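Q: Fold the stuff below for me.
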Amino acid sequence: MMKRLVLLLVLTALGCRLGIAQDPGVDREWEQRQNFGLKMGLGFNSMYGGELRNPRPLLGYSTGFFWHGDPLKKRKWDPQMGLDLRLRGSNFANARPTDTVINSAYTRISLLSLDAPLMMNFRLKPQKKDQYRCLQLGVVASLNFRSVVFKGPNRIPAQADVFLDRWENLPLHPLENSLHLGYQSRGNATGVQWALNWGVTDLNDNFALEGLAPVTGTGKRISTWSLQFGLLF
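A: Numbering: from 1, shown residues only. Model (predicted):
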């Protein structure tokens, strides 16, 4: 369900962008000056802290839009902000050959979040041949509005066994802050971005997974990190 939602948003965003690019009324001079765009990407995501055992990277997806300062101005520092829908979380190497429907281990946690990055771009060199390259420093505020835990080697959603009439999120704090470090290169209409997000918020909200191994409910830290790659349009 989450992957279908992200894919639908990605295709919608790409279609809108291509529609703009093919509009004969949009001339090259305007295209060079625009300071907003769409972003689609993927990345490796995981969790750290003492509460969850044996975390491993999980491939996630994102789509959104961004706005940045005027690249034609000669400023060294320019602001950039945006809004992203991101599917992330973590795999866990906890599956055991003896796992059963009744006695099994958690093997994945998925998060669907709405991210609001706020960054400052440090221009690396004067703009040349319609290229803008910069380092990015900033913070990302996230709203985690959907969370799922999967169990066993086949990664079956565990909430479906417990909450038959409604889907309840995991006991994780919904608001999260992360530090952002990135690199961005933009041309006239396309660009790329690499970024490392390191969560500084402890998401543990009396976290416990009943009936799943390894044992949880110790009150230790749960935080996230991600290494992302994005295409800019």
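Q: SS state for residue 66?
A: Secondary structure, DSSP: H, G, I helix; E, B strand; the rest coil: residue 66 is strand.
Q: show me the residues around it that make contact.
A: Residues in contact with residue 66, defined by C-beta atoms under 8 Å, 6 or more residues apart in numbering, are 36, 37, 38, 39, 80, 81, 82, 117, 232. Placement of C-beta: from N, CA and C, glycine included.
Q: Identify, from those, the entry nearest to residue 209.
A: Distance ranking of those against residue 209, using C-beta to C-beta, places residue 117 first at 30.3 Å.
Q: Can you get me a residue count around the closest one?
A: For residue 117, the number of neighbouring residues by other C-beta atoms under 10 Å comes to 23.
Q: ok so, going back, pull out the buried members of the contacts of residue 66.
A: 37, 38, 39, 80, 82, 117, 232 (16 or more other C-beta atoms under 10 Å).
Q: how near is the residue nearest to the last one when sequence neighbours are not counted to residue 86?
A: It stands for residue 232. Distances taken as C-beta to C-beta, 6 or more residues apart in numbering place residue 191 nearest to residue 232, at 3.7 Å, with adjacent residues excluded. According to C-beta to C-beta, to the nearest Å, residue 191 stands 19 Å off from residue 86.
Q: higher neighbour count, the two?
A: residue 86 (25 against 18).
Q: quick one: contacts for the more buried one?
A: Contact analysis of residue 86 by C-beta under 8 Å, 6+ apart lists 60, 61, 62, 64, 112, 113, 114, 115, 142.
Q: Need the distance between the two termini of stretch 214-233.
A: 43 Å (C-alpha to C-alpha, to the nearest Å).
Q: thinking again about what came up before, what about burial for the contacts of residue 86, which qualify?
A: Buried members of the contacts of residue 86, counted by 16+ other C-beta under 10 Å: 60, 61, 62, 64, 112, 113, 115, 142.
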